[in-house]
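**Q** below is the sequence, then the predicted model.
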Amino acid sequence: MTDLSFHHSPDIKLSDRQVIYFALNGQLPAFSGNYLVTRNIKARYSKLQSFISSILVISILLAASTRIFQSEAWSILWIADNVKFLLIPILFIFILEYLLRLWTAPDSCPDLPENNAEFEQYIRTHHYRLFYGISFLGLIDLLVILSGLFTLISGNSSAWEGYLIVFALLKLSRYIHGIEIIAAVLKKERQILSATFITLAILIVILSTILYLVERNVQPEVFNSIPSALWWGIVTMTTTGYGDIIPMTSIGRVIGGVAMLVGIGTLAIPAGILASGFAYELKHREQLNNWHIISNLELFAGLDANCIKDITHYLKAEVLPAGATVFKKHSAPDAIYFIADGEVEIQIFPKPPTPIRLRSGDVFGEAGLLENRKRNASIKTTQNSRFLVLDLHDFHTLISKHVDLKNKIESINNLRKSSSPDSN
């Protein structure tokens, strides 16, 4: 009998609309709560999603770079002469993308009805397509299309309306995953960040006003008004230091020094806030990912939220390169391993015709801990892999705290014993 768990992803059939939504967005919110189904969808449609993303990214870069190079005197001549011919295929792609995003917008809902008649009623009452149209990126998509159409129809490639197509670069935020983390951190920390910048603005106004009163008689042509002094305050307190406006009096220089020191200290506050915010957000997302992995495993199916929370609390991350040995046959059982990313191969003798491999979402090693016996197979990574590890001490701590967890593991282990050909 082996101490390895085989957990297969449930099969799922997507509609054409769902496939296109996934190809455009790389996710399906309706299935985001089920880690195994999500893994299955990604395995099946990830190549299509990568292909579509590559086409859109290339189109975005071409749209922006064509307009940028056209504005330069030293630009490549054929770009300036053939900008319309370059815009036609790019615009076709953007218009098609916009229409498909409108069509698939209802799939942004995490809880859609399965019945087709109910679905049609649902999208009529919830206006997901309207929400996409008035969203920030929806408006950017439309603005880019209108800018390109203006250039094609008017024939005036130097009008300012045509240059709005460079806003297509904002569409790249859909394909740079770190940007959403930045947005999440800014949203969570917006109150304290707003307070910091309001404080900085108040200090700029006060110090600039004081410097204006000190310097206006010495440099009337430079400090001729408080708004002029505000430019000095902004440049000084942000430590930019252009040097175009400087105080000449001794008191003015003292005020300038104070402004520099206050500016450095004030601007350091948002940096610390953002750093701690990023650390918290990354940890929070890792915990959510761990939750999805654990809650969808057969081993922990049906357990209450407190139990799942305790399990994720005790998990430790471990990263191994391709070709590394996780554990060897006959070694002492020391942990349960959950595969978060990557793949491992079970090495047994005699070697089976087809290699036995486990992938993201699979778990192995729990039977050895329950029965306190040595490993009966070796495990080796086939690619760079990340594991969530529950060690022996924490495992026994959990099953002593949660009787349901202990009963669940024992029932699965007994069932595997009875169905194993070498259990006797």
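**A** On my side now, so go ahead. Numbering: from 1, shown residues only.

**Q** okay, now the closest residue in space to residue 238 that isn't next to it in sequence: neighbour count?
**A** Nearest residue to residue 238, sequence neighbours excluded (C-beta to C-beta, 6 or more residues apart in numbering): residue 263, at 6.1 Å. Placement of C-beta: from N, CA and C, glycine included. Neighbours of residue 263 under the rule other C-beta atoms under 10 Å: 22.

**Q** next: residue 193.
**A** 18.

**Q** what strand or helix carries it?
**A** helix 190-215 (DSSP states H and E).

**Q** from the contact counts, what lies against that helix?
**A** Helix 190-215 sits against helix 226-237, helix 250-295, with contacts defined as 3 or more C-beta pairs under 8 Å, 6 or more residues apart in numbering; DSSP states H and E.

**Q** got the angle between the first one and helix 190-215?
**A** Okay, so that is helix 226-237. Interaxial angle of helix 226-237 relative to helix 190-215 (axes from the mean of the first three to the mean of the last three C-alpha atoms, to 10 degrees): 120 degrees.

**Q** show me what helix 226-237 is packed against.
**A** Using 3+ C-beta pairs under 8 Å, 6+ apart, helix 226-237 sits against helix 190-215, helix 250-295.

**Q** please, where are all the helices along the stretch 1-150 of the chain?
**A** 16-25, 35-70, 77-81, 83-104, 116-126, 128-134, 136-154 (DSSP state H, counting those that start in this stretch).

**Q** before we move on, back to that, which ones are touching the residue nearest to residue 238?
**A** 200, 203, 236-239 (C-beta atoms under 8 Å, 6 or more residues apart in numbering).

**Q** can I get the residues you listed in JSON lines including pLDDT and distance to residue 328?
**A** JSON lines is the format used below for the contacts of residue 263 (pLDDT from 0 to 100; distance: C-beta to C-beta, whole Å):
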{"residue": "200", "pLDDT": "89", "distance to residue 328": "59"}
{"residue": "203", "pLDDT": "91", "distance to residue 328": "64"}
{"residue": "236", "pLDDT": "87", "distance to residue 328": "65"}
{"residue": "237", "pLDDT": "86", "distance to residue 328": "62"}
{"residue": "238", "pLDDT": "83", "distance to residue 328": "59"}
{"residue": "239", "pLDDT": "78", "distance to residue 328": "57"}
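
**Q** who wins for most neighbours among those?
**A** Top of the contacts of residue 263 by neighbour count (other C-beta under 10 Å): residue 236, with 26 neighbours.

**Q** and that one, what does it touch?
**A** 256, 259-260, 263.

**Q** rebuild the helices of the stretch 1-150 of the chain as JSON lines, extending it with mean neighbour count, mean pLDDT and distance to residue 174.
**A** Output for the helices of the stretch 1-150 of the chain, formatted as JSON lines (neighbours: other C-beta atoms under 10 Å; pLDDT from 0 to 100; distance: least, C-beta to C-beta, whole Å):
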{"stretch": "helix 16-25", "mean neighbour count": "18", "mean pLDDT": "87", "distance to residue 174": "7"}
{"stretch": "helix 35-70", "mean neighbour count": "17", "mean pLDDT": "84", "distance to residue 174": "8"}
{"stretch": "helix 77-81", "mean neighbour count": "12", "mean pLDDT": "55", "distance to residue 174": "26"}
{"stretch": "helix 83-104", "mean neighbour count": "16", "mean pLDDT": "88", "distance to residue 174": "10"}
{"stretch": "helix 116-126", "mean neighbour count": "12", "mean pLDDT": "60", "distance to residue 174": "22"}
{"stretch": "helix 128-134", "mean neighbour count": "15", "mean pLDDT": "86", "distance to residue 174": "12"}
{"stretch": "helix 136-154", "mean neighbour count": "17", "mean pLDDT": "90", "distance to residue 174": "7"}
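
**Q** residue 376 against residue 329, yeah?
**A** Yes. Using C-beta atoms under 8 Å, residue 376 is in contact with residue 329, at 6.4 Å.

**Q** ok, the residue nearest the centre of the chain - contacts?
**A** Among the residues of the chain, the one closest to the centroid is residue 177, at 3.8 Å (C-alpha atoms, centre = their mean). Not one residue lies near residue 177 by C-beta under 8 Å, 6+ apart.

**Q** mind running it again at 10 Å?
**A** residue 26 (C-beta atoms under 10 Å, 6 or more residues apart in numbering).

**Q** over to residue 409?
**A** Here residue 409 is in contact with 299-300, 336, 366-367, 369-370, 395, 398-399 (C-beta under 10 Å, 6+ apart).

**Q** mind checking the helices of the stretch 1-150 of the chain for the one nearest to residue 410?
**A** Minimum separation from residue 410 across these (C-beta to C-beta) falls at helix 35-70, 23.1 Å.

**Q** for residue 223, which three-state class applies?
**A** coil (DSSP: H, G, I helix; E, B strand; the rest coil).

**Q** that one touches residue 212, doesn't it?
**A** Yes. Using C-beta atoms under 10 Å, residue 223 is in contact with residue 212, at 5.2 Å.
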